[in-house]
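**Student:** Below are the sequence and a predicted model; questions follow.
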Amino acid sequence: MLTYTIRRLLLSIPTLLFIAFVIFMLLELAPGDPMSQMPLTIPPEVKEKMRLALGLGEPWWVRFPLWLKQFFIVEPQYWIDSAFGTNFADGAQRIISFQSRSPVFDTISERLPQTLWVVGMSYVVGVAIALPIGVISAYRQYSVFDQAGTFVSMIGFSVPPFFSGVLLIVIFSVNLGWLPSIYDTTHVVVDWETMKFQFQQMIMPVMVLALQTTAQVSRYMRASMLDNLGQDYVRTARAKGMTESVVVMRHVLRNSMIPVVTVIALGIPSIFGGAIITEQIFKVNGLGQLLILALQGSDIPMVMTITFLLAVMIVMLNLVADILYGVLDPRIRYD
Amino acid sequence: MKLKAALMGAIATAALAPMAFADAHEGERGRDGEVKIIYWQAASILNPFLSGGTKDIEAASLVLEPLARYDSTGALVPFLAQEIPTVSNGGVSEDLTSITWKLKEGLLWSDGTAVTAADAVFTSQYCMDPEGGCAQLSKYNGVENVEAIDDLTIKITFATPQPNPYGPMVGGQSPILQAAQFADCLGAKAPECTEANFGPIGTGPFVVTDFRTNDVIQMVANENYRDPNKPAFASLTFKGGGDATAAGRSVLETGEFDYAWNLQLAPDVIDSMAAAGMGTPVSAFGTLVERIEMNLTNPSADLPPETRSTAAEPHPFLSDEAVRRALSMAIDRDLLVEVGYGQAGRPTCNLVPGPEIYASDNTGCLVQDIDGANAMLDAAGWVDSNGNGIRDKDGVELQILFQTSTNAVRQDFQALIKEWWEQIGAGVELRNIDASVFFGGDPGSPDTFEKFYADVEMYANNFDGTDPQSYLSAYTCDKAPRPETQWQGENINRFCDPAYDAMVAELQQTADIDKRGELARALNDMLTKDSMTIVPLVDRGRVSAHANSLGGVVLNTWDSELWNVADWYRTGDNR
């Protein structure tokens, strides 16, 4: 297992380098310009000077290795420096955003908590709701509960967040006035009162996102359970006189989890990508909103860094999912 | 004369200000708690020299101040300066090559140190540094030297006479930075000073306590602000992001915020939000004009890239003035305003709609005249000879490619205009391009508005401050985008008239305000009603909204919208 993991980790290095190159070239070849959001009152020659000041005067074969160097060498040096008080970085240029002219990692670390709180929480809530629904729906196939679960999943699949989010705002913020429509990112939880407010401002975005997660995961769970419930080993277990709870929870559930774990693990990177639309609707200023603003402003270093971090996350969680197979199913061995 | 007008304006404002606050809004600093402002475009940085974006400039205007600002009538009002220098009070030299500003006495930065002329000198060095990429460099056009005569006196010398010397350190775009804070941030080092760029020390009514880029800014009242009773608010939250609808909703419908900036929404949407009764939309007009620009050169794809859309190839049908005039006559500007802008728009025939002294009395285009347009085309020999429903002449079909940036209102306009133009026998093909490409200026892209690979295009433009000189200078022959200039240039119509160039040169030499007005109006008419090179459609105002409990808001389109935030207060029972 260990050699397998190491081999996979080594293999991921060229993969990631290739991904970085592809992202860079896509951004390089895409139309758009960081100066396009400047007012037209700024004369073209001033814009040209601003472009040069952003480093856009250099050709791509200079800027791409520079980004690699900043990402893999300079940025880790800064982390080490800030953790241990050393001075490896020695004032080297960090990755700087075109829009804010500040280090992109500072902005990312500022945004990460919001995203983890809201999107991460919705993922946990969504999965926690989806698993029991999937199990019960499969066990009681075609029952009223199953039909209701299918109905909710279909809504989750087919109603986009830009509709359900705005609908919730209109009902709960505008008409009833119970919940805030704009997420307060500066809010700090210190006591019960502030905790209550945090809960109030989180509930709408979390529910909108959880609906989507629930829909997806519960369908996988149900399908996988149905596959296993018809297997011979289930009949054997019942023939041995085991109780239904042991048959379902111990035997069927564990085997059914294998494909579901992959779906859940591969969904985690999307948490870090934030939920672009939902964050925009509720003004949760997380990573998704940061990414969309950076795209609109042609903020190449920011887009490049966030997208690449997502790529790293996807590659790593793929590996985690593969290893989890081995843990869940003793028959699967990689060595 | 002009300077006199500016002075009168300043006096009038000074006289009006106490009146506005006579109804018991005086009191100690910070008496009204918190004020919350929402901008649907989030501020990225608080240094206007590193970002030309309006949202950044306006957020920074809460903290950083210039020597003087324009008020809501377009008149200059001293902020850090004691008075507006003019020729008559000796502040501007007779030959118009230098201007001398005097700082108010006893001014303090928010950290308690004194504001001196050295800070102003430093600010000019900061912006004029060749490696800095200063977004406001054009404010320093023609500046030869900036020096501190004494602690309070700043003398700016220009290389050539400047009829309008109020460029450097005037208006929200070009405030004064603290030399001590930015000393190590000159030139190429400018972007490395994140801390200073995110939390500049200023003289304004508020001080930054927490800045989160593209998200939210928190501020508290400046303890060292020059008026001991201002600002009325102890703290300020500046939230950014989202969209105009959500921003409008949060002020007008849910009351979560006190002020929402620039609500570019359909008139009926704003009306229905305002019906909730929590807030009030306010509007004001500046110089932003939505217009159709005619391409006077041939954009045909059959031409080689060296001559396509350049002066070497005149346009096959738009070079005929009768065609341009007929296209303008076919447009119903009132309907466009009603559909797209409501109270935030009014029909116009002028490229320069204000200030009054520069606005021509040109109203000839306001009435739609489809029959007249048809008759004009008939008379000019444009008839449908081959029966395909499109007029033609000498084998040239009147087939128009009409492009603009992607934006709901602009697409509505395109559809309406297409219908009118088809009524006068023109064929119209519509195209819309994402704004980041259209305005992106990438010389490699065929879709930029400068390259103009289309027959007509629509967008809006305006000018900073109140003087249209540089705006009108953009239409001289040498400003035409072409391959030699990497397709950069502001004269996107490729308009070229020696008489126009001569008059622009005259404007640049003229100091007398009445004469300047006359010249500017003549230039405006040459581009619009005389030649129909530019077909103005709508004078676009600004709509913002404030909560009913927020008082003192004076919407200003000539400077930052937050220019008088120090005077804002809480009204009624909400205090």
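**Tutor:** On my side now, so go ahead.
**Student:** and the residue in chain B positioned nearest to chain A, how many residues sit next to it?
**Tutor:** Here the residue of chain B nearest chain A is B:Gly133; by C-beta to the nearest C-beta that distance is 2.5 Å. In this view, the C-beta of every residue, glycine as well, is placed from N, C-alpha and C. When neighbours are defined as other C-beta atoms under 10 Å in any protein chain shown, B:Gly133 has 24 of them.
**Student:** For it, give me the pLDDT.
**Tutor:** pLDDT for B:Gly133: 81.
**Student:** Is it in contact with B:Lys189, as I believe?
**Tutor:** No: with contact defined as C-beta atoms under 8 Å, B:Gly133 does not count as touching B:Lys189 (11.7 Å).
**Student:** residues touching A:Phe88, list them.
**Tutor:** A:77, A:80-81 (C-beta atoms under 8 Å, 6 or more residues apart in numbering or on different chains).
**Student:** Let me know the helix or strand that it is in.
**Tutor:** Using DSSP states H and E, A:Phe88 sits in no helix or strand.
**Student:** give the contact list for the residue of chain A found nearest chain B.
**Tutor:** Of all residues in chain A, the one sitting closest to chain B is A:Ala53 (2.5 Å; C-beta to the nearest C-beta). Applying C-beta under 8 Å, 6+ apart to A:Ala53 gives the contacts B:131-133, B:188, B:190-191.
**Student:** Buried among those residues? Make that a PyMOL selection.
**Tutor:** Typed into PyMOL, the line below selects the buried ones among these, using 16 or more other C-beta atoms under 10 Å in any protein chain shown:
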select buried, chain B and resi 132+133+190+191
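**Student:** Narrow the contacts of A:Ala53 to those in helices?
**Tutor:** Using DSSP state H, no member of the contacts of A:Ala53 falls in helices.
**Student:** I would like the residues contacting stretch A:126-146, please.
**Tutor:** A:149-150, A:152, A:209-226, A:229, A:248, A:253, A:260, A:264.
**Student:** Format the CA atom coordinates belonging to it as PDB.
**Tutor:** Provided in PDB are the C-alpha atoms of stretch A:126-146 (Å, rounded to 0.1, in the frame of the first residue of the first chain):
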ATOM      1  CA  GLY A 126     -26.100  17.300   2.500                       C
ATOM      2  CA  VAL A 127     -24.200  14.000   2.900                       C
ATOM      3  CA  ALA A 128     -25.600  13.400   6.300                       C
ATOM      4  CA  ILE A 129     -29.100  13.800   4.900                       C
ATOM      5  CA  ALA A 130     -28.400  11.900   1.700                       C
ATOM      6  CA  LEU A 131     -27.000   8.700   3.200                       C
ATOM      7  CA  PRO A 132     -30.100   7.700   5.300                       C
ATOM      8  CA  ILE A 133     -32.400   8.700   2.500                       C
ATOM      9  CA  GLY A 134     -30.500   6.500   0.100                       C
ATOM     10  CA  VAL A 135     -30.500   3.600   2.500                       C
ATOM     11  CA  ILE A 136     -34.200   3.700   3.400                       C
ATOM     12  CA  SER A 137     -35.300   4.500  -0.200                       C
ATOM     13  CA  ALA A 138     -33.500   1.300  -1.400                       C
ATOM     14  CA  TYR A 139     -34.700  -0.900   1.500                       C
ATOM     15  CA  ARG A 140     -38.200   0.200   1.000                       C
ATOM     16  CA  GLN A 141     -38.200   0.500  -2.800                       C
ATOM     17  CA  TYR A 142     -41.300   2.100  -4.300                       C
ATOM     18  CA  SER A 143     -42.700   3.000  -0.900                       C
ATOM     19  CA  VAL A 144     -44.100   6.500  -0.200                       C
ATOM     20  CA  PHE A 145     -40.800   7.400   1.400                       C
ATOM     21  CA  ASP A 146     -38.900   6.300  -1.700                       C
END
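**Student:** Can you give me the buried ones in that stretch?
**Tutor:** Per 16+ other C-beta under 10 Å, stretch A:126-146 contains these buried residues: A:126-127, A:129-131, A:133-139, A:146.
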